[in-house]
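> Sequence plus the predicted model coming up.
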Amino acid sequence: MSKRILGTAVMAAAALAVAPVQAKELGAVTALQQTNTLAKSFLENFLKPANKAGVKIKYIGGQEVVPPRKAAGALKRGTFDVLSAPTAYYIGTVPEGFAMLAANQGPSAMRKNGAWEIMEEVYMKKAGAVLLAWGENMTSYNTYLNMMPKMGADGVPDLTGVKMRATGTYRPLFRALGASTINIKSSEIFTAIQRGTVAGFGFPDVAVVAIGLHKAIKYRVTPNYYQTNQVVTVNPASWKALSSGDQKKLKDLAVKYETTSVIWMEKQRVKEEKQLKAAGVKDIALKGAAAAKYLDIAHQEIWKQLKAKSEYHDKLKPLMYVPGKPNRQADLGRALRD
């Protein structure tokens, strides 16, 4: 063997010896079923690019792997490494997740004004998790009804005497509007409306058609409110085991994902919007002062709850909520900058 060939071989061997190698393939779980549009976005806009960038993450599954409300605890114990979940599944330990729901600022603004750093501290302290990204962050929510509601003198729907299906996300708003609420599975809503058990429900604006609920309703109250609080978190030990290079790749991807997922979800929303209209669902469009009051009730009821539950409320609210600011979804270009 010539000296030149030998030298090349030695250099190649040395390069292999020092090249960073990912300690293990990470396992990821979605708290939502993989057929859910939000879960699909995570797989398409985060998991796939991560693997393409060289950070190996295998998708283990959704609710069939672990019940959604136990997913955060399983992540903390190291049962898997990465979790995509609505912050509602963290509410028992991290009520501050509701701040994302009731915010009208996005992750870009939060990363600039210090709110993101506070949320990172909160998730590590209370959930034992590394907060990495806030995906699908501009998907919003609407109120859907199978009957025309009474309207108050202020132009806001009066739901007194109306029974609504509501999870913790919608309960504060509906009760503030006078409704009584019950919590049933989303798969049971259609039948509940048919039987008259409930007259309506709150739901993300990308999902109603996907599970057939557009066939059970007649009206949608607008404007939409809140923004999806879907976060990606990582087990601290798994995060620490990654090389600094892989950590940087995931951090960079997280920021990109906070935009690409919004664009991806908006395309799904537009597609569903056409189907909703084709099904004959009519909008009860609140305008001016009535719309402003409706949104204020929705957001302030959540912030009121958070103040009672979190020592971080007074720090987070001024950074995450700007009174009178329009819903971020109203202007997609501006929203992506916020």
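That came through fine. Residues are numbered from 1 along each chain as shown.
> was I right about residue 233 contacting residue 135?
No: using Cβ atoms under 8 Å as the test, residue 233 is too far from residue 135 to be in contact (11.2 Å). Just so you know, the C-beta spots here come from the backbone N, C-alpha and C atoms, and that holds for glycine as well.
> could you show me where the strands are in the chain, in order?
26-30, 57-61, 82-86, 130-135, 141-145, 150-151, 157-158, 163-165, 180-182, 200-204, 219-225, 230-234, 282-285 (DSSP state E).
> Would you convert the ones you listed into a markdown table that also reports mean neighbour count?
Listed next are the strands of the chain as a markdown table, based on neighbours: other Cβ atoms under 10 Å:
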| stretch | mean neighbour count |
| --- | --- |
| strand 26-30 | 24 |
| strand 57-61 | 16 |
| strand 82-86 | 26 |
| strand 130-135 | 24 |
| strand 141-145 | 23 |
| strand 150-151 | 12 |
| strand 157-158 | 20 |
| strand 163-165 | 21 |
| strand 180-182 | 16 |
| strand 200-204 | 25 |
| strand 219-225 | 21 |
| strand 230-234 | 26 |
| strand 282-285 | 13 |
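> and those strands as a markdown table, adding distance to residue 74 and mean pLDDT?
Shown next, in a markdown table, are these (distance: least, Cβ to Cβ, whole Å; pLDDT from 0 to 100):
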| stretch | distance to residue 74 | mean pLDDT |
| --- | --- | --- |
| strand 26-30 | 8 | 97 |
| strand 57-61 | 11 | 97 |
| strand 82-86 | 8 | 95 |
| strand 130-135 | 15 | 97 |
| strand 141-145 | 27 | 96 |
| strand 150-151 | 45 | 96 |
| strand 157-158 | 40 | 97 |
| strand 163-165 | 28 | 97 |
| strand 180-182 | 28 | 96 |
| strand 200-204 | 24 | 93 |
| strand 219-225 | 31 | 94 |
| strand 230-234 | 11 | 96 |
| strand 282-285 | 41 | 96 |
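> Now tabulate these in TSV and tack on distance to residue 305.
Formatted as TSV, those follow (distance: least, Cβ to Cβ, whole Å):
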stretch	distance to residue 305
strand 26-30	26
strand 57-61	32
strand 82-86	16
strand 130-135	20
strand 141-145	16
strand 150-151	26
strand 157-158	21
strand 163-165	18
strand 180-182	14
strand 200-204	16
strand 219-225	15
strand 230-234	19
strand 282-285	26
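> Determine which of the ones you listed approaches residue 261 most closely.
strand 130-135 (4.4 Å; Cβ to Cβ).
> Going by contacts, tell me the helices and strands next to the closest one.
Identification of packing neighbours for strand 130-135 by 3 or more Cβ pairs under 8 Å, 6 or more residues apart in numbering; DSSP states H and E yields helix 37-42, helix 107-113, helix 115-122, strand 230-234, helix 244-278.
> Neighbours of the closest residue to residue 193 other than its chain neighbours, how many?
What sits nearest to residue 193 in space, not counting adjacent residues and going by Cβ to Cβ, 6 or more residues apart in numbering, is residue 216, at 4.5 Å. Per other Cβ atoms under 10 Å, the neighbour tally for residue 216 reads 20.
> What does the pLDDT read for residue 216?
Predicted confidence (pLDDT) for residue 216: 94.
> one step back: check the helices and strands packed on strand 130-135 for me and report the most buried one.
strand 230-234 (a mean of 26; mean count of other Cβ atoms under 10 Å).
> orientation of that strand relative to helix 115-122 in degrees?
50 degrees (axes from the mean of the first three to the mean of the last three Cα atoms, to 10 degrees).
> Could you figure out how far strand 230-234 is turned away from strand 26-30?
Using the same axes, to 10 degrees: strand 230-234 against strand 26-30 is 150 degrees.
> Any figure for the gap between the spatially closest residue to residue 219 that is not a sequence neighbour and residue 316?
Using Cβ to Cβ, 6+ apart and skipping residues adjacent in sequence, the residue nearest residue 219 is residue 145, 4.6 Å away. Residue 145 sits 32 Å away from residue 316, going by Cβ to Cβ, to the nearest Å.
> Adding distance to residue 195, write the helices and strands packed on strand 130-135 out as TSV.
Converted to TSV, the helices and strands packed on strand 130-135 look like this (distance: least, Cβ to Cβ, whole Å):
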stretch	distance to residue 195
helix 37-42	27
helix 107-113	41
helix 115-122	41
strand 230-234	31
helix 244-278	23
